[in-house]
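*Asks:* Build me a model:
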Amino acid sequence: MQAQQGASVTLTGGSITTANTQSEAIRAFLGGATVTANGVVINTGGSFSYGANANVAGHIVVNNGSIRTTGSNADGLFAIDQNATLTATGTTVRTDGPSANGANALLDQLMTLNNVSIVTTGNGSNGARVDNASALNITGGSATTSGTSSFGLISTAGSILTANNFTISTSAPAVSAQVRSLADGSF
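*Replies:* Just a heads-up that it's a prediction; the model follows:
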């Protein structure tokens, strides 16, 4: 489901399931396009098939939903490029593929997570990641990671990550820290 060029879509209840490569469940793209999903169940099965993708000034709000991805590089919540925003509240996110972050904010944009529960099982699948001068604000919720090199939280390349009352659990033996900051990423 995609909203583009200033379009606005509101979804209430129901489910979205995709199975192919690059088959995102929800995408807001260009020109202030907005998608609001209330109580929607999302499942994606292909690689690069994000649960929700706010892209190039697109805006997404997810309330009281659930997102599960099983493909490689299939982030649950993904926001990229200038002026994109993604806000999730009271939502559960699970990723089971490799390199599939629960939440991933890239390239100068803003993501906000309120009481979001994240589980990742694949290798290189962080709970929440912020990169390239982006901002990620977290209040409440949790991240549980079990794959090798899968951090609870990671901030890189001049990004800002703020987390309050957030619980992190990592169980893979190769993860030496639950929180990691690289190259001027800050907490």
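*Asks:* Show residues contacting stretch 28-42.
*Replies:* With contacts defined as C-beta atoms under 8 Å, 6 or more residues apart in numbering, stretch 28-42 is touched by 1-17, 25-27, 51-68, 84. Quick note: C-beta positions are derived from backbone N, CA and C, even for glycine.
*Asks:* low-scoring stretches of the protein, by residue?
*Replies:* 172-187 (pLDDT under 70).
*Asks:* you'd agree S15 is up against N43?
*Replies:* Yes - between S15 and N43 there is a contact under C-beta atoms under 8 Å: 7.2 Å.
*Asks:* These two: who's more crowded?
*Replies:* Remark: of S15 and N43, N43 carries more neighbours, 18 against 13, as counted by other C-beta atoms under 10 Å.
*Asks:* Skip ahead from whatever helix or strand the more buried one lives in and say which helix or strand is next.
*Replies:* Here N43, judged by DSSP states H and E, is contained in strand 41-44. Following strand 41-44 in sequence order, the next helix or strand is strand 52-55 (DSSP H and E).
*Asks:* What pairs with that next one, parallel or antiparallel?
*Replies:* strand 26-29 (parallel), strand 77-80 (parallel) (DSSP bridges).
*Asks:* Could you look up the SS state of G158?
*Replies:* Secondary structure, DSSP: H, G, I helix; E, B strand; the rest coil: G158 is coil.
*Asks:* Let me know how buried it is, in neighbour terms.
*Replies:* If you count neighbours by other C-beta under 10 Å, G158 ends up with 15.
*Asks:* quick one: it from A133, how far?
*Replies:* Note on G158: its distance to A133, by C-beta to C-beta, to the nearest Å, is 5 Å.
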